[in-house]
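*Asks:* 3D, please:
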Amino acid sequence: MDLFTHVIFAYLLSFVIWGPAAPQYIAAGALAGGLPDADILLFPLTRWFPSLHHRGIVHSVLGVTVIAAVGSFVVPFLPYFPHASTLLYFVAMEIGGLSHLVLDGFTHYAVTPLAPFSRRTLRMDADVAVNFGTLLLTGATLAVLIAEHGTVRFDVWVETVWILVGVYGAYLTLRSVARWRAGVHRQREGYSAVVPTTNPWVWLLADEVDSPDRYRIRYRSLRLGTGTSTEGRSMDVAKVPASSGPVDSAQAALDRTYLSALQKNRWLSRRYHFGEAVPKGNVFEVFWYVVEAGGFGRGIGVHGDIDRTTGEVRLQSGFFRLPSAGPV
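*Replies:* You can find the predicted model right below:
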């Protein structure tokens, strides 16, 4: 989830727990909901302390507890935070921080909540990490709360927050139920993974084998509620180092450009990805894209060409129009 959604969700959760009469604990919980993402500022130290990488030790129960313990003593000295119970400040920040872990684990990004004692991950694959729909909802929520601050009666603010609690609760419920339904289809059809997209009604069913010398994938998109889906697609490419010489087929074009595409755009190696090669004059036009990202006939990844005669490869990263339906 994005930072602002984490803060808003922790704010609403804290409101439910503490009630409107304890705004200091609501604010503390909201602050703690965003603090784990401050680990991106620690990247200069990851060379010596690898556990400080983003979604590392700070995104764990231990990391959240340390933040809450320190914060419970620091927060009362910040502007707009009245002096109050240190213990309750700690509890509020602990709950806010734990909500961050749960939301991250709700997406297709994994967190290790019990690190460094266990490497077991939490990943529900129920939402994408950066969802433009939730970003718009979060932006609207922030705008409403800012507009109401100091301008409406207290009871109006309370009613507004309860409405927002219902909206966010309904969204998480919808995502959870849709993920369960997609999992039923996955088992029925023999796929190994369910992949969320930005649309809660559209999911990917996928299989992937990534060996040292080959990459294989098969996938199809599933639209819940309508009973429709795309036909399954599959690809099998060899991981061939870049070389010169004639390229006589679309398959050879994919084989010869695969490793170069991964080097050009690291996102490809971290997501389910697919490739297409289309003959075009003296070259094969090549498209490598992330299958769960993009839309409107466009994909995110690498686009370029390989010369049929010389094997010269020209690739660039971008958001480009695809020759087929492409990603969902």
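*Asks:* Give me the below-cutoff pLDDT ranges for the stretch 151-300 of the chain.
*Replies:* Within the stretch 151-300 of the chain, the ranges that satisfy pLDDT under 70 run 227-229, 295.
*Asks:* for stretch 224-234, how far is the first residue from the last?
*Replies:* Stretch 224-234 has an end-to-end distance of 22 Å (criterion: C-alpha to C-alpha, to the nearest Å).
*Asks:* wait, stretch 12-29
*Replies:* Span of stretch 12-29 from end to end, C-alpha to C-alpha: 9 Å.
*Asks:* before we move on, what about stretch 111-121?
*Replies:* Terminal residues of stretch 111-121 lie 5 Å apart, using C-alpha to C-alpha.
*Asks:* Show me what counts as buried in that stretch.
*Replies:* 111-113, 115 (16 or more other C-beta atoms under 10 Å). C-beta here means a position set from N, CA and C on the backbone, and glycine is covered the same way.
*Asks:* Please apply the same query to stretch 297-305.
*Replies:* Of the residues in stretch 297-305, those buried (16+ other C-beta under 10 Å) are 299-305.
*Asks:* of all those, which two lie farthest apart?
*Replies:* For the buried residues of stretch 297-305, the maximum inter-member distance is 18.5 Å, found between 300 and 305 (C-beta to C-beta).
*Asks:* rewinding a little: and which of the buried residues of stretch 297-305 is nearest to residue 265?
*Replies:* Distances from residue 265 to the buried residues of stretch 297-305, taken as C-beta to C-beta, are shortest for residue 302 (4.9 Å).
*Asks:* Residues touching the host helix or strand of the closest one, excluding its own?
*Replies:* According to DSSP states H and E, residue 302 maps onto strand 298-307. Contacts of strand 298-307 with the rest of the structure, by C-beta atoms under 8 Å, 6 or more residues apart in numbering, involve 247, 253, 256-257, 261, 264-265, 267-268, 273, 277, 280, 282-290, 293-294, 312-322, 326-327.
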